[in-house]
Each structure stands twice: as structure tokens, then as C-alpha cells.
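# 3D, please:
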Amino acid sequence: MSNVLVITTSLRAKSNSDILAERLIAGAKDAGQNQVSRDS
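Residues are numbered from 1 along each chain as shown. Have a look, this model is predicted:
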């Protein structure tokens, strides 16, 4: 397993970038990744 780090830089809450990041995190967790982090 590898670590997944998602970095977002959008200035607006609930922007398209935030939605994409949340979907990426959900997909990584569904694929069995236990180490998923998000930094904004």
C-alpha cells in the first residue's frame, strides 16, 4: 500500500476542486488505501 495525499487550493468552499478531492479520497479508501490525508 502507498500513502495518498490530496492537496487542494481552492478559495471557495464546495468548489469543483473540493468535490473532486472528496471523490478522489472516497475512491482511494474504497480501493483499500488506509493512509489518505487531505491538506487545504
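
# contacts, neighbours, all on C-alpha from now
Noted.

# And the lowest mean pLDDT element among the helices and strands of this protein?
Least confident helix or strand of the chain, by mean pLDDT, DSSP states H and E, is strand 36-39 with a mean of 88.

# Tell me how far residue 11 lies from residue 17.
As for residue 11, its distance to residue 17 is 10 Å (criterion: C-alpha to C-alpha, to the nearest Å).

# More neighbours: which of the two?
Set residue 11 next to residue 17 and count neighbours by other C-alpha atoms under 10 Å: residue 17 wins out with 16 against 10.

# Which residue is the nearest non-sequential neighbour of the more buried one?
residue 10 (6.5 Å; C-alpha to C-alpha, 6 or more residues apart in numbering).

# where do the helices sit along this structure?
Using DSSP state H, the helices found in the chain span residues 16-30.

# partner residues bridging residue 37?
residue 5 (DSSP bridges).

# That one touches residue 6, doesn't it?
Yes: the pair residue 37 / residue 6 is scored as a contact, 6.2 Å apart, by C-alpha atoms under 8 Å.
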